[in-house]
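A.B. asks: I'd like to go over a predicted model; first the sequence, then the structure.
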Amino acid sequence: MELVSIIIPYYKKKKYFYKSFLSAYNQTYKKKEIIIIYDDTDKRDLSYIKNLIIKFKNTKLIINKKNIGAGLSRNKGIKFSKGKYIAFLDSDDLWHKKKLTNQLQFMKKNNANFSHTSYKILNKNNIVVGRQIAPNNISYYNLLNSCEIGLSTVVVKKDVLLKNFFTNLKTKEDYALWLKISKNHKIFGIQAILCNWRKLENSLSVGIFKKLTNGFKVYYIHEGLNFFISIYRVFILSIFYTFKRIKQKYN
């Protein structure tokens with residue numbers, strides 16, 4: 001049984017964190033470590049986190065001196081991890097109890113370096129408002145049009161992440177990484193719903209603007225596409241995103 005490192009960045013999610021943490025700790029897959037990266041310059045939640053995790057074994061806490069964002073915090077967690085596999089969990093999402101057991105069995109059976117699962121979408125009141133069903137396989141060209149990979153569903157071999165890192169974007173940092181990985185590794189999707197992803201409506205118009213801007217940066221800076229193709233790609237991404245939202249609602 002190989003060690004799995006679970007990486008959880010923390011930023012102002014006190015309301016949801018405990019249940020998210022327990023969903024990782026109480027996995028049926030027992031050989032694991034949990035690495036929490038506290039990424040908030042406001043330290044008021046820090047004592048809460050410390051007191052919460054002190055009684056749990058194989059749990060580490062890394063405290064950032066300044067806010068560096070979720071992507072760079074995950075990079076730091078990867079650096080300090082010891083597992084053969086890396087699993088990502090945002091601090092307001094929830095895993096099904098057998099997620100790691102089922103996902104690792106699938107990955108070993110299929111000799112997979114990267115896998116993700118289907119997930120339910122929860123609102124702030126824990127009501128299911130949609131579902132995202134993972135495609136069996138996603139190519140680089142599929143991914144250019146639409147990202148259907150839920151970050152908190154991903155398990156990837158650490159060897160892959162030692163050559164590929166999250167960017168410093170505030171949004172789309174995971175999308176940029178998945179694109180890079182998909183050029184050299186097959187992306188396997190598991191259709192079983194093994195995660196609950198929380199959708200919070202925080203300043204929606206600002207969020208959409210940031211996503212579009214960072215989408216452009218993904219294509220123009222990180223993928224090296226020219227200016228006009230990058231603009232076109234953002235347009236296509238927004239169309240696919242709209243269709244994805246509709247599909248999620250009725251799945």
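C.D. replies: That came through fine.
A.B. asks: what secondary structure does the closest residue to Asn145 other than its chain neighbours sit in?
C.D. replies: What sits nearest to Asn145 in space, not counting adjacent residues and going by C-beta to C-beta, 6 or more residues apart in numbering, is Phe240, at 5.1 Å. The C-beta positions use only the backbone N, C-alpha and C, and glycine is treated the same way. Following DSSP: H, G, I helix; E, B strand; the rest coil, Phe240 is assigned to helix.
A.B. asks: what does the one 4 residues further on give?
C.D. replies: The three-state label for Lys244, taken from three-state DSSP, comes out as helix.
A.B. asks: Please look at it and Ile149 and confirm they touch.
C.D. replies: No. The pair Lys244 / Ile149 is not scored as a contact, 11.6 Å apart, by C-beta atoms under 8 Å.
A.B. asks: between these two, who's got more neighbours?
C.D. replies: The residue with more neighbours, out of Lys244 and Ile149, is Ile149; 24 against 16, by other C-beta atoms under 10 Å.
A.B. asks: Any regions of the stretch 151-251 of the chain where pLDDT drops low?
C.D. replies: Applying pLDDT under 70 to the stretch 151-251 of the chain flags the ranges 201-207, 246-251.
A.B. asks: how about the helices in it?
C.D. replies: Using DSSP state H, counting those that start in this stretch, the helices found in the stretch 151-251 of the chain span residues 158-161, 173-182, 204-217, 227-250.
A.B. asks: Touching, the residue nearest to Asn145 and Ser146? I think so.
C.D. replies: Yes. Look at Phe240 against Ser146 with C-beta under 8 Å: they come within range, at 3.7 Å.
A.B. asks: Buried residues of the longest strand belonging to the chain, list them for me.
C.D. replies: Using DSSP state E to define each element, the chain has its longest strand at strand 187-198. By neighbour count, and taking 16 or more other C-beta atoms under 10 Å as the criterion, the buried residues in strand 187-198 are 187-190, 192-198.
A.B. asks: Turn those residues into TSV, including distance to Leu161.
C.D. replies: Shown next, in TSV, are these (distance: C-beta to C-beta, whole Å):
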residue	distance to Leu161
Ile187	14
Phe188	16
Gly189	19
Ile190	19
Ala192	24
Ile193	25
Leu194	20
Cys195	19
Asn196	24
Trp197	21
Arg198	24
